[in-house]
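# Prediction below, plus the sequence it came from.
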Amino acid sequence: MGFETQDVERKCLSILKVLSDSQEPLGARVIAYRLKDHGIELSERAVRYHLKMMDERGFTSLEGRDGRSLTARGLEEVRSALVKYKVGFAISRIELLAFRTDFDLEKRRGLIPTNVSFFPKEKFKKALQAMKPAFEAGLCVSDLVAVASEGEKLGEFIVPAGSTGLATVCSIVINGSLLKAGVPMDSRFGGILQIRNGKPFRFVELIHYTGSSLDPSEVFIRARMTSVNEAIQKGDGKILANFREIPALCRDIAEEVVEGLKAAGLGGLLVMGNTSEPVCEIPVELNRIGMILLGGMNPVAAAEEAGVEAENHGMSTLMEYRDLIKFKEL
C-alpha cells in the first residue's frame, strides 16, 4: 500500500473496506461511525486525513458533497492487501453481530443478524420457486425474510441496479440471544453437513472461523458443494450447517432461550449433544456441549443449485425483527 506505518495502513484498509461495502459515496462522519464495527476509533478529522492520503494514491475519489467513493484501483487494493489483517475476520464478525443483537424474546422486537443475497431481478421469481421447498422443509434458521428492490436498503446494504435483494435470518441470532442470557458460546466452524435417511449424519467439509476472512457458507455455495434439494426430496444430501459449543452447566438456560426463539419463529438448532460427547463425529471438549445450527442460507443454496446465481453476503448486517415477513407472503 505504501503508507508510512502498519497502523496507518491498517486504518486505511479498514476505510477502503467500509467504502467497498457501500453502494453510494460516504462522508467522513459516516465512515467514522462504521469504522467502529472494525474496532477502530477515528474522529471525522482523522478520517479526512486518511482519505486525503488515499486520494493521492488513487484509491478513492471525491464525489462533491456526497463524500468519497472507491476507485477501481482502490477496489483491487482492498481485495488483495494485508492478508494478515483479514485472517480471523469471520469470527470477529460473529462476535460483533452477536453483541449487537438486542432481540427481546418477550416483546418480540429488536435487531437480529441477517444474511443478504442479491438476485438478478428477472430471475427472482424463479429463485423464490427454488427456495420454497427449503423454507417449507425447515432447512433454514427462520422463514422470516425481507425483500427490497434496486436502490432500496436491506440493513446497511443498498440493492444494486438490476437486482432484487433478499435478507434471510442468520444463525448468529442464537449466539446473540444466548450472550444476552449470560451463556458464552464458542463458534468453531461452518461446514457441509451430510444428511442420511433424513437425519444429520456427519460433517464432510468444514472451515474454521478463526482462520477465515469469509463466511464459510459463501465459499461452499460458490463452489457448488451443497445438495439441499436432494436432502429435501430424498432424505440424503448435503446442507450448510455450523458447529458451536457451550458450557455444560448452561444447558437449561440454553434450552429455554432456544424455545423462546422458536416461539418467535427463529429456530436454527438442529442438534444439541450431551456433555463431552461427540456430535455428528465432531469431538467436544470436556464439560461442554456441542450444538449444530442450520445455515441461514440453505434456501439460497437451493436456488443456486437450480441455476439462479446470487451475490451473497453472509452474516452481514442487522435488521429489525418487525420489518421481516413470512416467506409464504411473497
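It's in.
# Alpha carbons only: can I get the host helix or strand of residue 164 in CSV?
Residue 164 belongs to strand 163-169 when elements are defined using DSSP states H and E. The C-alpha trace of strand 163-169 is given here as CSV (Å, rounded to 0.1, in the frame of the first residue of the first chain):
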residue,chain,number,x,y,z
SER,A,163,-31.1,-6.8,-8.7
THR,A,164,-33.6,-7.8,-6.1
GLY,A,165,-32.3,-8.2,-2.5
LEU,A,166,-33.3,-10.9,-0.1
ALA,A,167,-32.5,-11.0,3.6
THR,A,168,-32.5,-14.3,5.5
VAL,A,169,-32.1,-14.8,9.2
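# Could you look up the SS state of residue 191?
For residue 191, the assignment made with DSSP: H, G, I helix; E, B strand; the rest coil gives strand.
# residue contacts, it?
Residues near residue 191 by Cβ atoms under 8 Å, 6 or more residues apart in numbering: 203-207, 216, 220, 240-243. Where C-beta positions appear, they are placed from N, C-alpha and C, glycine not excepted.
# Kindly recompute the last result at 7 Å.
203, 205-207, 216, 241, 243 (Cβ atoms under 7 Å, 6 or more residues apart in numbering).
# Which residue is the nearest non-sequential neighbour of it?
Counting by Cβ to Cβ, 6 or more residues apart in numbering, residue 191 lies nearest to residue 206, which is 3.6 Å off, once chain neighbours are set aside.
# Might one say that that neighbour is in contact with residue 189?
Yes - assessed by Cβ atoms under 7 Å, residue 206 is found in contact with residue 189 at 4.5 Å.
# who's more crowded, these two?
Between residue 206 and residue 189, residue 189 has the larger neighbour count (other Cβ atoms under 10 Å), namely 21 against 17.
# who's in contact with the more buried one?
Residue 189 touches 206-209, 216, 243, counting by Cβ under 7 Å, 6+ apart.
# Just the closest of those residues to residue 302, please.
Nearest to residue 302 among these: residue 216, at 17.3 Å, using Cβ to Cβ.
# Wait, that closest one touches residue 207, no?
Yes - counting by Cβ under 7 Å, residue 207 is a contact partner of residue 216 at 3.9 Å.
# ok so, going back, now flag whichever of the contacts of residue 189 is closest to residue 54.
The closest of the contacts of residue 189 to residue 54 turns out to be residue 209 (Cβ to Cβ; 29.6 Å).
# Helices of the protein, residue ranges please.
Taking DSSP state H, the helices of the chain run over residues 6-20, 28-35, 44-56, 72-80, 83-86, 89-100, 124-136, 172-180, 216-222, 228-233, 251-263, 298-305.
# which stretches of the chain have low pLDDT?
Along the chain, the model assigns pLDDT under 70 to residues 1-6, 66, 81-88.
# which residues does the nearest residue to residue 145 once chain neighbours are set aside contact?
Excluding the flanking residues, the one nearest residue 145 by Cβ to Cβ, 6+ apart is residue 327, at 5.2 Å. Residue 327 makes contacts with 135, 143, 145, as judged by Cβ under 7 Å, 6+ apart.
# can you check residue 227 too?
By Cβ under 7 Å, 6+ apart, residue 227 lies in contact with 237-238, 305.
# how near is it to residue 306?
12 Å (Cβ to Cβ, to the nearest Å).
# for residue 132, same thing?
For residue 132, the distance to residue 306 - Cβ to Cβ - is 11 Å.
# cool, residue 168 as well?
Noted for residue 168: a distance of 16 Å to residue 306, by Cβ to Cβ.
# again with residue 176
31 Å.
# what about those two, which has more around it?
When neighbours are counted by other Cβ under 10 Å, residue 176 comes out ahead of the other of residue 176 and residue 306, with 25 against 15.
# Would you mind measuring from the closest residue to residue 280 other than its chain neighbours to residue 104?
If the residues on either side of it in the chain are set aside, residue 280 comes closest to residue 202, at 5.0 Å by Cβ to Cβ, 6+ apart. Separation of residue 202 from residue 104 (Cβ to Cβ): 37 Å.
# Repeat that for residue 12.
For residue 12, the distance to residue 104 - Cβ to Cβ - is 38 Å.
# Between these two, which is the more surrounded one?
residue 12 (25 against 12).
# Who's the closest spatial neighbour of the more buried one, skipping the chain neighbours?
Among residues not flanking residue 12 along the chain, residue 50 sits closest, at 5.4 Å (Cβ to Cβ, 6+ apart).
# ok, the one you found touching residue 11?
Yes - proximity of residue 50 to residue 11 meets the contact threshold set by Cβ under 7 Å, at 5.8 Å.
# so what's the residue nearest to residue 99 when sequence neighbours are not counted up against?
Leaving aside its sequence neighbours, residue 99 sits nearest to residue 179 (Cβ to Cβ, 6+ apart; 6.8 Å). Shown in contact with residue 179 (Cβ under 7 Å, 6+ apart): 98-99, 185.
# at 10 Å what do you get?
95, 98-99, 101, 172, 185, 257 (Cβ atoms under 10 Å, 6 or more residues apart in numbering).
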